[in-house]
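*Asks:* What shape does this take:
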Amino acid sequence: QVQLVESGGGLVQAGGSLRLSCTASGRTLPSFYNMGWFRQAPGKEREIVGAISWRMGNTDYANSVKGRFTISRDSVKNTMYLEMNSLKPEDTAVYYCAGDPSYTKLVPLLPAEYVYWGQGTQVTVSS
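*Replies:* Predicted coordinates:
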């Protein structure tokens, strides 16, 4: 059984930073072709934060986080990271990591394109 687990969420003041981590059991992260970070705020739909092609290292980000958030991966540690800087109150949400085991030409950005999901970690940014 494949499980993705996020960690690193918490409460931070606006302008601060957090680093989220995503690990897996039952399957190694490098075996996924693509990995993504999504977020969902109360009353809103789940939206892409960014995604990475694990083998190629290509990344793509939502416009709202470009220049502030960075996705990286460590195959040895079987971990994906989301470095979040210059956080804003509107970044408050539950953050999820997701895995897509299928080859795609472009990094997928839609939730429906991902098969495996973590339970999420809460990020709260106070003003």
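*Asks:* what's next to the helix or strand hosting residue 5, contact-wise?
*Replies:* Take DSSP states H and E as the rule and residue 5 turns out to sit in strand 3-7. Contact partners of strand 3-7, identified using Cβ atoms under 8 Å, 6 or more residues apart in numbering, comprise 20-26, 95-99, 116-121. (C-beta placed from N, C-alpha, C; glycine too.)
*Asks:* again, only using 10 Å
*Replies:* 19-27, 29, 32, 35, 37, 79-80, 82, 94-99, 114, 116-123 (Cβ atoms under 10 Å, 6 or more residues apart in numbering).
*Asks:* Buried ones among those residues?
*Replies:* For the contacts of strand 3-7, a burial check counting by 16 or more other Cβ atoms under 10 Å picks out 20-24, 27, 29, 32, 35, 37, 79-80, 82, 94-99, 114, 116-118, 120-121, 123.
*Asks:* out of those, which are inside strands?
*Replies:* 20-24, 35, 37, 79-80, 82, 94-99, 116-117, 121, 123 (DSSP state E).
*Asks:* Tell me who's in contact with the spatially closest residue to residue 37 that is not a sequence neighbour.
*Replies:* Counting by Cβ to Cβ, 6 or more residues apart in numbering, residue 49 is the residue found nearest to residue 37 once chain neighbours are left out, at 4.1 Å. Applying Cβ under 10 Å, 6+ apart to residue 49 gives the contacts 20, 36-39, 61-62, 64-65, 69, 71, 82, 84, 91, 93, 95-97, 109.
*Asks:* First-to-last residue distance for stretch 61-77?
*Replies:* Here the two ends of stretch 61-77 are set 23 Å apart, with distance taken as Cα to Cα, to the nearest Å.
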